[in-house]
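Asker: can't give you the sequence, but here's the structure:
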């Protein structure tokens, strides 16, 4: 089944993982309720523990999926904008200088002329910096001009644009639903801090 962030096929956290967590918790709760040796308090403690474990596991899956998106975004941006190139100090300074110069461009026609000069001079760092500026400002014609002779770059750009904005309100809402764990009715809608307190209760010899 697809995951919450299924625009990237390399992500491995799926709805099946969350479903397994739900099933495990439901099975545990059923067994706890079937155990006639437990008193009511002990039963609620064990159910709180089962729920807290499932909730935390689902939260960990969500965080893993979100980190995968962030990591992929960082890799793609490095590939697109030149930071994945040589770490030689001279190359680093050249990239920094190129981005500073590109940041001064505020007209797409001037930027296009600068891109042509950079390509004519073999100034890869400047060409990449201008492309980054074009993406930042949404200069579609200039982006297409740069991508026309760089199919790999164009593919990376598409992949970056297709990544979900995991920090947006709608994405956060979808994630909360996709990775949510329903609280067992036996806990009567307790807030999480109360569930944690109940789960941490020392039963001792109580049953």
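Answerer: Received the coordinates, thanks. A quick note: this is a predicted structure, and the numbers were derived from the prediction, not measured.

Asker: contacts and neighbour counts: CA atoms only from here.
Answerer: Noted.

Asker: Could I get the buried residue list for the lowest-mean-pLDDT helix or strand in the chain?
Answerer: Every helix and strand of the chain was ranked by mean pLDDT, DSSP states H and E. The lowest is helix 89-102, at a mean of 86. Across helix 89-102, burial judged by 16 or more other Cα atoms under 10 Å covers 92, 94-96, 98-99, 102.

Asker: Next: stretch 162-178.
Answerer: Across stretch 162-178, burial judged by 16+ other Cα under 10 Å covers 163-164, 166, 175, 178.

Asker: Skipping adjacent residues, who's closest to residue 129 in space?
Answerer: residue 99 (5.0 Å; Cα to Cα, 6 or more residues apart in numbering).

Asker: Identify the residues contacting that neighbour.
Answerer: Neighbouring residues of residue 99 by Cα atoms under 8 Å, 6 or more residues apart in numbering: 126, 129-130.

Asker: any idea which of those is the one closest to residue 184?
Answerer: For these, the residue nearest residue 184 by Cα to Cα is residue 129; the value is 53.9 Å.

Asker: relative to helix 89-102, how tilted is the host helix or strand of that closest one?
Answerer: Assessed by DSSP states H and E, residue 129 sits inside helix 124-137. Angle, helix 124-137 to helix 89-102, by axes from the mean of the first three to the mean of the last three Cα atoms, to 10 degrees: 40 degrees.

Asker: I'd like to know which elements the helix or strand following the least confident helix or strand of the chain is packed against.
Answerer: Sequence-wise, the next helix or strand downstream of helix 89-102 (DSSP H and E) is helix 108-121. The contact analysis (3 or more Cα pairs under 8 Å, 6 or more residues apart in numbering; DSSP states H and E) places helix 108-121 against helix 124-137, helix 140-147.

Asker: What helices and strands are in contact with the helix or strand just after the shortest one?
Answerer: Scanning the chain past helix 140-147 towards its C-terminal end, the next helix or strand to appear is helix 151-162 (assignment: DSSP H and E). Packing partners of helix 151-162 (3+ Cα pairs under 8 Å, 6+ apart): helix 40-81.
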